[in-house]
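Colleague: what follows is a protein structure lacking sequence information:
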């Protein structure tokens, strides 16, 4: 497992612990590569809340994961870390497994 994969796994675990559902997202300029992402459906949720939680749990991870990118999704936003590959099932794979 690469360093970025280990960082992605650690970030995904923290995100799940604090109530987010990480998923695979391919942002602008990623050309189909997927990375760790979460939706912030309520504008009161904040990237800063995530950053503070990660910092309090794992300062090395906070330093290494880099700044997130974000895209507007209607009323909410998707926050993603392009350098941290998503290792779980994508939404498409989960839908296929339900059939």
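Modeller: Noted; the coordinates are in hand. None of the values given here were measured: they were computed from a predicted structure.
Colleague: neighbouring strands - and their directions - for the longest strand along the chain?
Modeller: Scanning the chain for the strand with the most residues, using DSSP state E, yields strand 76-85. Paired neighbours of strand 76-85 in the sheet (DSSP bridges): strand 35-40 (antiparallel), strand 69-73 (antiparallel).
Colleague: quick check: mean pLDDT of the last one?
Modeller: The reference is to strand 69-73. Across strand 69-73, pLDDT averages out at 85.
Colleague: with stretch 29-48 instead?
Modeller: 83.
Colleague: quick check: residue 5 touching residue 86?
Modeller: No - between residue 5 and residue 86 there is no contact under C-beta atoms under 8 Å: 9.6 Å. Backbone N, C-alpha and C define where each C-beta goes, glycine included.
Colleague: more crowded one of those two?
Modeller: A side-by-side neighbour count of residue 5 and residue 86, using other C-beta atoms under 10 Å, places residue 86 first with 22 against 13.
Colleague: now the more buried one: closest residue in space that isn't a chain neighbour?
Modeller: residue 24 (4.0 Å; C-beta to C-beta, 6 or more residues apart in numbering).
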